[in-house]
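In: No sequence on hand, only this structure:
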């Protein structure tokens, strides 16, 4: 059994379609050790799961367009 199954990854559906900087601040306040990355939707990323990493995928106006989730 992988270590990923021992830790439930967090997601924040209520923060979708909000300003990315605001979302980053909210997540960072709740989880100060998390690393937050703001990326344009469709940007190439690695497929590995990393606990404590949140990628915020945005449109050109920096509005989050994919539900933020840890990994």
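Out: Alright, I've got the coordinates. Because the structure is predicted, anything quoted here is derived from the model rather than measured.
In: Now for the spatially most central residue of the chain: which residues touch it?
Out: With distances taken as Cα atoms, centre = their mean, the chain has residue 54 as the residue nearest its mean C-alpha position (2.9 Å). Contacts for residue 54 (Cβ atoms under 8 Å, 6 or more residues apart in numbering) come out as 27, 34-37, 68-71. For glycine as for every other residue, the C-beta is placed from the backbone atoms N, C-alpha and C.
In: which of these has the most neighbours?
Out: With neighbours taken as other Cβ atoms under 10 Å, the top of those is residue 68, carrying 23 neighbours.
In: where does the protein dip in pLDDT?
Out: The model of the chain has pLDDT under 70 over residues 1-6.
In: quick one on the thing from earlier: which residue, other than its chain neighbours, is closest to the residue nearest to the centre of the chain?
Out: Distance criterion Cβ to Cβ, 6 or more residues apart in numbering; nearest residue to residue 54, sequence neighbours excluded, is residue 36 at 5.1 Å.
In: ok, now residue 43?
Out: In this structure, residue 43 finds its nearest non-sequential neighbour in residue 57, 7.5 Å apart by Cβ to Cβ, 6+ apart.
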